[in-house]
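>>> All I have is the shape, not the residue letters:
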């Protein structure tokens, strides 16, 4: 569970950084990167950044769903605690 949380946080931070790099009007940091790196060209760099953004969004959604499912199913510890409490209550009521 802790690993999922760490992955979600890392992907969220990466997503924030990628979105900051982009600018919907074509300016932003992405344009500066593209102008310095002429081997890919501005269009290729924009496409790569956009694809990375969508992959990060998809992986964040999937990890959040997995995390929610694992929390809702639980690891079994919660049911063990409630069963132990019920047994203790039954024993106390019998005495």
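Looks like it arrived, so ask away. Note that the structure is predicted; figures quoted are calculated from it, not measured. Residues are numbered from 1 along each chain as shown.
>>> if I look at residue 50, how far off is residue 64?
21 Å (C-beta to C-beta, to the nearest Å). Yep, even glycine has a C-beta here, placed from its N, CA and C like the rest.
>>> which element follows the helix or strand bottoming out on mean pLDDT in the chain toward the C-terminus?
The weakest-scoring helix or strand in the chain, judged by mean pLDDT, DSSP states H and E, is helix 28-36 (a mean of 54). Using DSSP states H and E, the helix or strand that directly follows helix 28-36 along the chain is helix 42-73.
>>> Can you read off the pLDDT for residue 92?
For residue 92, the model assigns a pLDDT of 70.
>>> how many other residues sit next to it?
Neighbourhood size, residue 92 [other C-beta atoms under 10 Å]: 8.
>>> any idea how far it is from residue 84?
13 Å.
>>> ditto for residue 60
Distance from residue 60 to residue 84, by C-beta to C-beta: 37 Å.
>>> what about those two, which has more around it?
Relative neighbour count places residue 60 above the other of residue 60 and residue 84, with 17 against 10, counting by other C-beta under 10 Å.
>>> Correct me if wrong: residue 21 contacts residue 50.
No. The criterion here is C-beta atoms under 8 Å, and residue 21 misses it with residue 50 at 10.7 Å.
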